[in-house]
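[1] For reference, the sequence and a predicted model appear below.
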Amino acid sequence: MTIDSFKALRVHFSKDSYEARIENLTQDDLNEGDTLIEVHYSSINYKDALAVTGKGKILKNSPLTPGIDSAGVVVESKNPSIKIGEHVAITGCNQGEVYNGGYSQYTRFDSKHIIPLEKSLSLKEAMIFGTAGFTAALCIDRMEDNGQTPDMGPIVVTGATGGVGSFAVSMLAGLGYEVIAVSGKKDKVDYLKELGASKVSSLEELSLDSGPLCKARFGGAIDNIGGDALASLMAHTNLWGNIACVGLAASHKLDATVMPMILRGVSLLGISSNNTPDQRRRKIWQRLATDLKPKNLDLIHSHTISLEEVKKYSEKVLNRQTSGRILVDLKS
Ligand SMILES: NC(=O)c1ccc[n+]([C@@H]2O[C@H](COP(=O)([O-])OP(=O)(O)OC[C@H]3O[C@@H](n4cnc5c(N)ncnc54)[C@H](OP(=O)(O)O)[C@@H]3O)[C@@H](O)[C@H]2O)c1
């Protein structure tokens, strides 16, 4: 199949310049790979916002198309197990970092990283999840594998109105956990309660102590912000509780002691959605289509934008002016 020309958001950078602009590309500009996909939707994750604005060193090559998520329809396939017309998604796998990503009307990728979607998941739903939903599910899957149960106490979710945070609140509540949502947005209390949080508080209202071992108040946590909050959450976690370490929205630093680990058996679980082994990746997508699919997906989906609006919304994400998930509609 020959495609004459299509639109993509391209970032060009050098040591002293950075520019993101919409361009018309041809098939020669795509990645190498055995599967060509017409992209219908992508999304904006925190990492994408850093890549588009140049505020984080995310992109490894120039020029490159950002967008760590994409979902669309297969138009060409050299792998017999991936059929033309099949609905598929790609999240992470260095897409939008090393390889061209989802802010493009077409993408070519290696089929070993491509997820054929369950019939119960539409392309739009797959991108409402995107890396954010996948990551929240991965956190829960790892915590459960390591013995987390609802009777160990409430789970704290920081950065709760963000993409990962919103899904974490909703999925945990759906599994019967008591959830404490921690957010800096005072006007989002109703939103977080509707997602299933039993309590919503600011970090200050949570009144975390700063010692090496503090009163055990929580069963565990999904932490999107890092820094002092993460260290304090570890010190407040109950016997054998798990903390999924996801993000660095506040800080990449961690100044903690070993006390919670050696005296309470607390586990700090590393989460790297980008590098999830393909077998686990497929398991997580199956759970997203079944037991972890939130009833309130529409509530978490906040905006659908065009490719032309990606730059503006990336700034908003970094300025903490958004919540939930922003979809990019490549067919608009
Ligand atoms: N490890 C992985 O595999 C993985 C995968 C996906 C994302 N991440 C990371 O996880 C984090 C969340 O990603 P996302 O895509 O969900 O981002 P997002 O939608 O932009 O949400 C981030 C949330 O963090 C909170 N926040 C932002 N700046 C903050 C600050 N300075 N101090 C405290 N809280 C702050 C805000 O929540 P409130 O306003 O509600 O407080 C914001 O909504 C990011 O750091 C991202 O890089 C990691």
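    Yep, that arrived.

[2] make it CA atoms for all contacts and neighbour counts henceforth
    OK.

[3] wouldn't S70 be in contact with T91 here?
    Yes. Using C-alpha atoms under 8 Å, S70 is in contact with T91, at 6.6 Å.

[4] and the two? which has more neighbours close in?
    When neighbours are counted by other C-alpha atoms under 10 Å, S70 and T91 differ, and S70 comes out ahead with 34 against 29.

[5] got the phi/psi numbers for that one?
    Here is the backbone geometry of S70 (degrees, to the nearest 10): phi -150, psi 150.

[6] Same check on A181?
    phi -90, psi 130.

[7] From the ligand, how far out is it?
    Distance of A181 to the ligand, given as C-alpha to the nearest ligand atom, to the nearest Å: 8 Å.

[8] Likewise for Y41?
    From Y41 to the ligand the distance is 16 Å (C-alpha to the nearest ligand atom).

[9] Which residues of this protein lie near the ligand?
    By C-alpha under 6 Å from any ligand atom, the part of the chain that sits against the ligand consists of 45-47, 131-132, 135, 159-165, 183-185, 224-225, 246-250, 271-274, 317, 320, 323.

[10] related to what we said a few turns ago, shared neighbours, S70 and T91?
    Residues touching both S70 and T91 (C-alpha atoms under 8 Å, 6 or more residues apart in numbering) are G130.

[11] hang on, the earlier thing: out of the residues of the chain next to the ligand, which end up buried?
    Listed as buried from those are 45-47, 131-132, 135, 159-165, 183-185, 224-225, 246-249, 271, 273, 317, 323; burial here means 16 or more other C-alpha atoms under 10 Å.

[12] Sort out which of these are in strands and list them.
    Judged by DSSP state E, strands contain none of these.

[13] Just the ones in helices from the residues you listed, please.
    46-47, 131-132, 135, 163-165, 317 (DSSP state H).

[14] Most widely separated two among these?
    T135 and V317 (17.8 Å; C-alpha to C-alpha).

[15] For T304, which residues are in contact?
    326-329.

[16] can these go into TSV with extra columns for pLDDT, secondary structure and distance to E76?
    Compiled in TSV, the contacts of T304 are given as follows (pLDDT from 0 to 100; DSSP: H, G, I helix; E, B strand; the rest coil; distance: C-alpha to C-alpha, whole Å):
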residue	pLDDT	secondary structure	distance to E76
I326	98	strand	28
L327	98	strand	25
V328	98	strand	23
D329	98	strand	21
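
[17] By neighbours, which of those residues wins?
    Using other C-alpha under 10 Å as the neighbour criterion, V328 leads the contacts of T304 with 28 neighbours.

[18] Quickly list what it is bridged to.
    S42, I305 (DSSP bridges).

[19] circling back to that earlier point, tell me the one among the ones in helices among the buried ones among the residues of the chain next to the ligand nearest to Q286.
    The closest of those, once distances to Q286 are taken by C-alpha to C-alpha, is T135, at 13.5 Å.

[20] My guess is that closest one contacts G270. True?
    No. Using C-alpha under 8 Å as the test, T135 is too far from G270 to be in contact (11.3 Å).
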